[in-house]
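**Q** Here is my input, please return the structure:
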Amino acid sequence: MADYVIALDQGTTSTRAMLFDRSGVPGRTAQLEHAQIFPRAGRVEHDAAEIWAHTARVLEEVVQDAGLAASDIAAVGVTNQRETAIVWDRRTGEPVHNALVWQDTRTQPRIDRLIRARGVSAFVETTGLPLATYFSASKIAWILDHVDGAREAAARGDLLFGTPDTWVVWNLTGGPDGGLHVTDVTNASRTLLMDLRTLDWAEELLEVWDIPRAMLPEIRSSIGDFGQVRTPSVLAGVPIAGILGDQQAATFGQTAFEAGESKNTYGTGNFLLVGTGTEIVRSRAGLITTVAYRRGDEPARYALEGSIAVTGSLVQWLRDNLGIISRSEEVETLAASVDDNGGAYFVPAFSGLFAPYWRPDARGTLVGLTRYVTKAHIAKAALEATAFQTRDVIEAVVADAGRTLDELRVDGGMTRNDALLQFQADILGIPVVRPAVVETTALGAAYAAGLSVGFWKDLDELRGQWREDARFEPQMAQDERARRYRLWKKAVSKSIDWLDDDARILMGTTD
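**A** Predicted coordinates:
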């Protein structure tokens, strides 16, 4: 009998494979970082071939290191960075261009033209999404328009598109030799091409972006059949039984299955999801509507999401671009060496501001600097920016729901930082709760796949596995909380409207 499920977590900065047993306890993990490619300001790319190579390696390593065989694995579940666009040749398996990452803003001029012509909410009724560079549609169109011969090849049916889940599953199931070209409803709902009501590609939007339908993968339920692994051979024959976009996977891993249940993930960015059940709810306060999951033939479950572009990646930026830390883990120690932020506030609008502002004209801003401010104060300001941005989206949730949250369940790599979670509780004024398994993105992918093949019986069994690790109660006085948040909002106002025509030319974001 198979005793494990493998989660494949293809993230923005790395790809990893993680084993889970029947108790939902993580076991062996293999992980590899991939290159972050920045050709110029505003452009963020990944090498899709590198991602696939790393996918095969980490899956092979985790099975071999644990001394297991394919017969020991009940299923593979896939979770992935969403919105990132990969276009490849179905005959050769070769990408025609580097992947355009969800943070990439090169398509802003076209988005601006559409907004002027139709309004930022032109397709919200259909897709739940505002017009923004964040989503996949404009990225696909850019590749077709800027790669020689791409439009002609797409018209012939030679090119395929996928978000990273589609790319790795196509390769896992055979690639050019019969690989399945599929995605799930959660990832499809992030493309700006899927109709939330029909759960199918919207013809109107395919026409808007001039994208051939034949390029697009088949949309399937999140919990179901996605073929069998053929490569790597150590997993040959193991079913791929679940796909969830990373934030939906984290929500699933937190066992937040029903309307009103929520979580906040602290990763490359931060993402707050609040379930709305089978009802499609439109936000009035800057959140987006997305599919939470779909199980088999059951009705889809939906959620409101507050998407924050830059949180954990700001720490990576401090490491890689400024060199003020040599490892990401050092930011906590550095920030703890000072009592406060020294008056400095950091708004990391590197790709504009996402929820609840949706201001593509914003750019990163560090304000309140004096000669007193040190790299330790900047480190603290960077961590505090994560908490402030989270309050921004929670304020939007409260405005939409008409009621406050009793507590905030959190997960993701940054939640190992106790000081960050204490400040988060302080600035929110509600308890922050960390689960025993903080890698809930991988856990959610495992849960989806395991449910599909009967490894776990039902949702109640999964709920019974959730355990609290730590609870952070607010300790900051109300007047101090209000003062700091007021200064944060002032800092945000300084970041907005930076990207005027002169700045666009300087940063290379004009047509």
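**Q** Show me which positions of the lengthiest helix in the chain end up buried.
**A** Criterion DSSP state H: the longest helix present in the chain is helix 375-401. Buried residues in helix 375-401, counted by 16 or more other C-beta atoms under 10 Å: 375-397, 400-401. Heads up, the C-betas are built off the backbone N, CA and C, glycines and all.
**Q** pLDDT of it, averaged?
**A** When pLDDT is averaged along helix 375-401, the result is 91.
**Q** same question, stretch 42-55
**A** Here the average pLDDT along stretch 42-55 is 96.
**Q** Need the residues that contact it.
**A** For stretch 42-55, contacts defined as C-beta atoms under 8 Å, 6 or more residues apart in numbering pick out 8, 10, 14-15, 32, 34-39, 84, 86, 88, 94-95, 98-101, 103-106, 108, 164, 167-168, 171-172, 351, 507-509.
**Q** Just the buried subset of the residues you listed, please.
**A** Using 16+ other C-beta under 10 Å, the buried members of the contacts of stretch 42-55 are 8, 10, 15, 32, 34, 36, 84, 86, 88, 95, 98-101, 103-106, 108, 164, 167-168, 171-172, 351, 507, 509.
**Q** Let's see which of these end up in strands.
**A** Secondary structure from DSSP state E places Leu8, Gln10, Thr15, Leu32, Ile86, Trp88, Ala99, Leu100 of these in strands.
**Q** Format the residues you listed as CSV; extra columns: distance to Ser233.
**A** Converted to CSV, these look like this (distance: C-beta to C-beta, whole Å):
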residue, distance to Ser233
Leu8, 16
Gln10, 20
Thr15, 19
Leu32, 19
Ile86, 24
Trp88, 22
Ala99, 26
Leu100, 32
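**Q** So which elements touch the longest helix of the chain?
**A** strand 262-266, strand 270-277, strand 301-308, helix 312-317, helix 330-336, strand 345-347, helix 418-428, helix 478-495 (3 or more C-beta pairs under 8 Å, 6 or more residues apart in numbering; DSSP states H and E).
**Q** what about Gly342, how many neighbours?
**A** 17 (other C-beta atoms under 10 Å).
**Q** try Arg91
**A** 10.
**Q** Repeat that for Thr126.
**A** Neighbours of Thr126 (other C-beta under 10 Å): 17.
**Q** Remind me which helix or strand it belongs to.
**A** helix 124-127 (DSSP states H and E).
**Q** and what of Gly242?
**A** strand 240-245.
**Q** quick one, that strand and strand 270-277 angle?
**A** 110 degrees (axes from the mean of the first three to the mean of the last three C-alpha atoms, to 10 degrees).
**Q** mind checking how far strand 240-245 is from the chain centre?
**A** 15 Å (C-alpha atoms, centre = their mean, to the nearest Å).
**Q** So which elements touch whichever helix or strand comes after that strand?
**A** The helix or strand immediately downstream of strand 240-245 is helix 246-253, counting by DSSP H and E. When contacts are defined as 3+ C-beta pairs under 8 Å, 6+ apart, helix 246-253 packs onto strand 73-80, strand 262-266, strand 270-277, strand 288-293, strand 301-308, helix 440-453.
**Q** do that again at 7 Å, thanks
**A** Under the contact criterion of 3 or more C-beta pairs under 7 Å, 6 or more residues apart in numbering; DSSP states H and E, helix 246-253 touches strand 73-80, strand 262-266, strand 270-277, strand 288-293, helix 440-453.
**Q** what's in contact with stretch 192-211?
**A** Stretch 192-211 is contacted from outside by 123, 126-129, 135-137, 140-141, 185, 188-189, 213, 216, 219, 280, 289, 291, 300, using C-beta atoms under 7 Å, 6 or more residues apart in numbering.
**Q** PyMOL command for the buried members of those residues?
**A** Entered in PyMOL, the line below selects the buried ones among these, by 16+ other C-beta under 10 Å:
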select buried, resi 123+126+127+128+129+135+136+137+140+141+185+188+189+216+219+289+291+300
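**Q** just checking, what packs against the strand holding Gly242?
**A** strand 73-80, helix 164-172, strand 182-184, helix 185-188, helix 440-453.
**Q** how close does the residue lying closest to Tyr372 once chain neighbours are set aside get to Asp411?
**A** Leaving aside its chain neighbours, Tyr372 sits nearest to Gly342 (5.6 Å; criterion: C-beta to C-beta, 6 or more residues apart in numbering). According to C-beta to C-beta, to the nearest Å, Gly342 and Asp411 sit 30 Å apart.
**Q** Likewise for Tyr266?
**A** For Tyr266, the distance to Asp411 - C-beta to C-beta - is 7 Å.
**Q** With Ala188 instead?
**A** 24 Å.
**Q** burial count for the nearest residue to Ile240 once chain neighbours are set aside?
**A** Leaving aside its sequence neighbours, Ile240 sits nearest to Phe226 (C-beta to C-beta, 6+ apart; 4.0 Å). By other C-beta under 10 Å, the residues close to Phe226 number 29.
**Q** Phe226: what's it in contact with?
**A** Contacts of Phe226 by C-beta under 7 Å, 6+ apart are Val169, Leu180, Val182, Arg220, Ile240, Ala241, Ile243.
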